[in-house]
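Enquirer: When you get a sec, could you give me coordinates for this:
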Amino acid sequence: MNDITKPLAALGEKWRAPIVARTEIREFSGGALSEKYMANLDSAGVGPAGRFRCGRKVCYPVDSLIQWMADRSRTVGGRADAG
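Expert: Predicted structure coming up:
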């Protein structure tokens, strides 16, 4: 478990549904992910597990999406001053 898990879990708690449509991924992620980027990842077979199609929309279960984001994320430490 990394330091980013808690803030990502908060995304799921605030989201209004148990699924996220790919078209809403930018809103869900606070702009960190885009619909086109997710489509490319899905096409390459490295997107979140459990995606499904509902009509013409691709959707992700919130829990799977959060876990996928956590697995691909890491915290970035501050850089020491060179001066």
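Enquirer: Going by C-alpha atoms from here, please, whenever you check contacts or count neighbours.
Expert: Fine.
Enquirer: State the helix or strand in which the residue most central in space within the chain lies.
Expert: For the chain, the residue nearest the mean C-alpha position is Met69 (4.4 Å; C-alpha atoms, centre = their mean). Using DSSP states H and E, Met69 sits in helix 62-71.
Enquirer: List the buried residues for that helix?
Expert: 62-67, 69-70 (16 or more other C-alpha atoms under 10 Å).
Enquirer: helices and strands around the helix or strand of the chain with the lowest mean pLDDT, which ones?
Expert: When each helix and strand of the chain is scored by mean pLDDT, DSSP states H and E, helix 5-14 comes last, with a mean of 88. Counting contacts by 3 or more C-alpha pairs under 8 Å, 6 or more residues apart in numbering; DSSP states H and E, helix 5-14 is packed against helix 62-71.
Enquirer: for the record, mean pLDDT for the helix it packs on?
Expert: For helix 62-71, mean pLDDT rounds to 95.
Enquirer: and what of stretch 20-32?
Expert: Per-residue pLDDT over stretch 20-32 has a mean of 96.
Enquirer: same check, this time on stretch 74-83
Expert: Mean per-residue pLDDT for stretch 74-83: 65.
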